[in-house]
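Q: kindly generate the corresponding structure for this input.
(chains A and B)
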There are 2 protein chains.
Amino acid sequence: MSLVSATSKPLVPSRAHYGFRPALCHNARIMTATTASLVPSVNRQFVLAARPAGMPKESDFRLVEAPIPALASGQILLRSMYLSVDPYMRGRMTGVRTYADPVNIGQVMVGGTVGKVVQSLNPQFQLGDVVSGYWGWQEFFVSDGKGLQKLDTRIAPPSTALGVLGMPGMTAYFGFLDICQPKPGETVVVSGAAGAVGSLVGQIAKIKGCRAVGVAGTDEKVAWLVKDLGFDAAFNYKTTENYVEKLKELCPNGIDCYFDNVGGGVTDAVLPLLNVRARISICGQISQYNAAKPEAGVRPYVFLLTKQARAEGFIITQFMDRFAEGIPQMAQWIKEGKLKYRETVIEGFEKMPRALIGVLSGDNTGKMIVAIR
Amino acid sequence: MSLVSATSKPLVPSRAHYGFRPALCHNARIMTATTASLVPSVNRQFVLAARPAGMPKESDFRLVEAPIPALASGQILLRSMYLSVDPYMRGRMTGVRTYADPVNIGQVMVGGTVGKVVQSLNPQFQLGDVVSGYWGWQEFFVSDGKGLQKLDTRIAPPSTALGVLGMPGMTAYFGFLDICQPKPGETVVVSGAAGAVGSLVGQIAKIKGCRAVGVAGTDEKVAWLVKDLGFDAAFNYKTTENYVEKLKELCPNGIDCYFDNVGGGVTDAVLPLLNVRARISICGQISQYNAAKPEAGVRPYVFLLTKQARAEGFIITQFMDRFAEGIPQMAQWIKEGKLKYRETVIEGFEKMPRALIGVLSGDNTGKMIVAIR
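A: Below you'll find the predicted structure:
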């Protein structure tokens, strides 16, 4: 069984990246001393060098070296395997507290991570264990184990812990199902539809019996959504002149649910097509993240009023205590072939800044990840 | 006990307007034939003459005469006593279906009404019964009784059926309590705070233990809100330069609930002050009703997203089946002195167009009503 979308070139660079098998783990455990001696004493990290004006530049980040301290009792040393690259990271670079503290100048950039235990003085973690966590843009991390999730690499490639079975997957699952409360036969429009979250939302909409209409930024993405993922329709907003007319054509029964990752003109165009009691789930506003202040646009209130409609923002952390419900369901849908996912993997730790600029520019299809050899 | 705000000049022109006492009704019943002979055979109505561009003009309405047909069995003839004047009527003058059908050119303008039974061939209705209904801008109306509510004039003046104990009261009650779900200690901002609905919302907020902050359009209204109705603070948006700074000053703990009757710049200014999980109830957008299309403004999505906040529009009809819960509660609060209301009463049927222009211009304090002698 392949858990990876069957439609494309290999989605993760090689099985070696997540191919820990029990036997190998066992060997690793025996070789503790040897493995530890292979661990370098120097860590590499990306720290925030400057608060960006508009789109971040590579010079807004600085690659620094830091010593890896000797482990104290109860600690483990993790070597990063995959670093998550997500649009929300742009918000942390701004010196303003939103729902989370900003990253300060000189601090290591935050982010989701998957890594391998390469030294352990903690009986809960064995050498070779693969875990997900939130240690940010660095090659190594010393942890006391708190906040780490052990991954069963026999069930799914570990990179999925950053995507379909991690934060983006749960964002799609709860942000769509809980906030939009879709009903069979309804029309669901998704912006950023080819991204890590949007591509899952459209498929969940199909699973729930809805009509799924995606908005994406290249013809290739549009084709992927319709041909591979089963969206009923999609369009390229970069080559479409009149979004209202296009949406009208693709949503002949109006719009009941709108899952918004992007904001801006597409969101403006959704408003006049909302049906009575429509629900808008505001997941992201990637078109606005580089703006110094929100640009002027259509105020939605008259539309929300006349259609008795609702717009609601959410942050995935509010659903954290229900991940144990969402992750198995997503895994089950993958197993049943109802849910596909794709990863855009960039090789090399030093590519992190470029990868973030890429995800803010729509370079990714599906989940953007940096893999570290 | 006076149910009318004690703070001002007489709020309804005279008790004679709603002073039907059982004895009088009894007499009236005996005098059926005589009373009937007093009923004129000609009705006067205001019909829509033209769809307004911007603020309606008096010439957008036409006063016409129509014959009053002889009653068929089961019918009653109603003489209008009070006509409701509400901002939503502007929307019906536009040739677009929103949540209700528009009024067509030549049709009688719609609206809530209170009237007296002056002829009856329906055993359910006695001469002198006072009822509320929705027969629009006309002096007489022939009804089969459907959709009428008999009013107990011993409990409250009948004009309250158009205000605090009618649609505006229920709009305040359900639109605030159901959609904002206020909690004690929270801060509630109300725009259009001196209007029929807003003035009640702020008082309900106080009853629920919240801090109530009002936005209104004259210093007199502001003084009324704070001194008579118990709002914690209020400001005059017409003489305030920086709404954000003013709101920051009056809402030191941020804004948890925003009940919006107005839209526009005040609503824009509320957004950056929203607290986590804030709720916006969109009741009206009076500042936008005369606009050909929604004017550009601040899009709220980034604020809703980062604060996990919700904006929801509603139409009072969605709560219709729960009025039996809301009306007694409002009446009880009035009786306990916790809820005050004011009516701005204009005398004379022919003043209806002017009264509607007035309510769209903020001429009213509390509920705008036209009384017919």
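Q: flag every residue of the stretch 201-350 of chain A that's near chain B.
A: A:260, A:263, A:267-268, A:276, A:282-285, A:288, A:294-315, A:318 (Cβ under 8 Å from any Cβ of the partner chain). All C-beta atoms are positioned from the backbone trio N, CA, C, and that covers glycine.
Q: since we're on the closest residue to A:Cys180 other than its chain neighbours, how many residues are nearby?
A: Among residues not flanking A:Cys180 along the chain, A:Cys257 sits closest, at 4.0 Å (Cβ to Cβ, 6 or more residues apart in numbering or on different chains). Applying other Cβ atoms under 10 Å in any protein chain shown, we find 27 residues neighbouring A:Cys257.
Q: ok so, going back, and the residues of the stretch 201-350 of chain A next to chain B, which of them are buried?
A: A:260, A:263, A:267-268, A:282-285, A:288, A:294, A:297-315 (16 or more other Cβ atoms under 10 Å in any protein chain shown).
Q: what about those, which are in strands?
A: A:Asp260, A:Ile282, A:Gly297, A:Val298, A:Arg310, A:Ala311, A:Glu312, A:Gly313 (DSSP state E).
Q: dump those to JSON lines, plus pLDDT.
A: JSON lines is the format used below for these (pLDDT from 0 to 100):
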{"residue": "A:Asp260", "pLDDT": "98"}
{"residue": "A:Ile282", "pLDDT": "98"}
{"residue": "A:Gly297", "pLDDT": "93"}
{"residue": "A:Val298", "pLDDT": "95"}
{"residue": "A:Arg310", "pLDDT": "98"}
{"residue": "A:Ala311", "pLDDT": "98"}
{"residue": "A:Glu312", "pLDDT": "98"}
{"residue": "A:Gly313", "pLDDT": "98"}
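Q: which one of these sits closest to B:Arg62?
A: A:Val298 (34.7 Å; Cβ to Cβ).
Q: partner residues bridging that closest one?
A: Counting by DSSP bridges, A:Val298 forms beta bridges with B:Ala296.
Q: ok, it touching A:Leu271?
A: Yes: between A:Val298 and A:Leu271 a contact is recorded at 6.1 Å, counting by Cβ atoms under 8 Å.
Q: for the stretch 201-350 of chain A, just list every one of the helices.
A: For the stretch 201-350 of chain A, the helices defined by DSSP state H, counting those that start in this stretch cover A:219-223, A:243-250, A:265-270, A:301-306, A:323-335.
Q: if you compare those helices, which one is most tucked away?
A: Highest mean neighbour count among the helices of the stretch 201-350 of chain A (mean count of other Cβ atoms under 10 Å in any protein chain shown): helix A:301-306, with a mean of 24.
Q: and that helix, what does it pack onto?
A: Packing partners of helix A:301-306 (3 or more Cβ pairs under 8 Å, 6 or more residues apart in numbering or on different chains; DSSP states H and E): strand B:274-282, strand B:310-313.
Q: list of residues touching it?
A: The contact list for helix A:301-306, computed with Cβ atoms under 8 Å, 6 or more residues apart in numbering or on different chains, reads A:271-272, A:274, A:309-311, B:91, B:98-99, B:260, B:263, B:267, B:282-285, B:288, B:294, B:311-315.
Q: show me what contacts A:Leu274?
A: By Cβ under 8 Å, 6+ apart, the contact set of A:Leu274 is A:Gly254, A:Ile255, A:Tyr258, A:Ile280, A:Phe303, A:Leu304, A:Lys307, A:Ala309.
Q: what separates the residue nearest to it when sequence neighbours are not counted from A:Ile179, distance-wise?
A: Distance criterion Cβ to Cβ, 6+ apart; nearest residue to A:Leu274, sequence neighbours excluded, is A:Lys307 at 4.7 Å. Distance, A:Lys307 to A:Ile179, by Cβ to Cβ, to the nearest Å: 16 Å.
Q: wait, A:Ala296 touches B:Gly297, no?
A: Yes: under the criterion of Cβ under 8 Å, A:Ala296 makes contact with B:Gly297 at 6.4 Å.
Q: quickly list the domain ranges of chain A.
A: As assigned by automatic domain parsing, chain A contains the domains A:15-158, A:167-316.
Q: figure out how far the first one is from the centre of its chain.
A: It stands for domain A:15-158. 16 Å (Cα atoms, centre = their mean, to the nearest Å).
Q: got it, and the last one?
A: With Cα atoms, centre = their mean as the basis, the distance from the averaged C-alpha position of domain A:167-316 to the chain average is 17 Å.
Q: for the stretch 151-300 of chain A, which spans come out with low pLDDT?
A: Within the stretch 151-300 of chain A, not a single segment meets pLDDT under 70.
Q: beta partners for A:Leu63?
A: A:Phe46.
Q: was I right about A:Val190 contacting A:Gly202?
A: Yes: with contact defined as Cβ under 8 Å, A:Val190 reaches A:Gly202; the gap is 5.0 Å.
Q: if we can go back for a sec, hey, which of the domains of chain A is tucked in deepest?
A: The stretch of these with the highest mean neighbour count (mean count of other Cβ under 10 Å) is domain A:167-316, at a mean of 22.
Q: start to end distance for that one?
A: 7 Å (Cα to Cα, to the nearest Å).
Q: same check on stretch A:249-269?
A: 13 Å.
Q: ok, stretch A:124-134 next?
A: End to end - Cα to Cα - stretch A:124-134 spans 18 Å.
Q: what packs against the helix or strand hosting A:Asn43?
A: Element membership for A:Asn43 (DSSP states H and E) is strand A:42-48. Using 3+ Cβ pairs under 8 Å, 6+ apart as the contact test, the elements touching strand A:42-48 are strand A:61-67.
Q: the helix or strand that the strand it packs on is followed by - what's its average pLDDT?
A: Next in sequence after strand A:61-67, counting helices and strands by DSSP H and E, comes strand A:76-85. Averaged across strand A:76-85, pLDDT comes to 98.
Q: who does strand A:76-85 pair up with?
A: Strand A:76-85 is paired, per DSSP bridges, with strand A:113-120 (antiparallel), strand A:140-143 (antiparallel), strand A:367-371 (antiparallel).
Q: in CSV: these, plus distance to A:Met352.
A: Formatted as CSV, these follow (distance: least, Cβ to Cβ, whole Å):
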stretch, distance to A:Met352
strand A:113-120, 11
strand A:140-143, 15
strand A:367-371, 5
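Q: in CSV, list these along with mean pLDDT.
A: Below are these laid out as CSV (pLDDT from 0 to 100):
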stretch, mean pLDDT
strand A:113-120, 97
strand A:140-143, 98
strand A:367-371, 98
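Q: those: which one's closest to A:Ala324?
A: strand A:113-120 (18.9 Å).
Q: residues contacting the closest one, please?
A: If you take Cβ under 8 Å, 6+ apart as the criterion, strand A:113-120 is touched by A:20, A:32, A:35-36, A:38-39, A:71, A:76-84, A:125-136, A:141, A:151, A:158-159, A:161-162.
Q: kindly recompute the last result at 6 Å.
A: Contacts of strand A:113-120 with the rest of the structure, by Cβ atoms under 6 Å, 6 or more residues apart in numbering or on different chains, involve A:36, A:39, A:71, A:76-83, A:125, A:127, A:129-130, A:132-133, A:135, A:158, A:161-162.
Q: and what of stretch A:59-76?
A: Counting by Cβ under 6 Å, 6+ apart, A:41-47, A:49-50, A:52, A:117, A:119-122, A:125, A:140, A:142-144, A:353 sit against stretch A:59-76.
Q: picking that back up, between A:Val190 and A:Gly202, what contacts are shared?
A: A:Gly214.
Q: which residues touch A:Lys146?
A: Not one residue lies near A:Lys146 by Cβ under 6 Å, 6+ apart.
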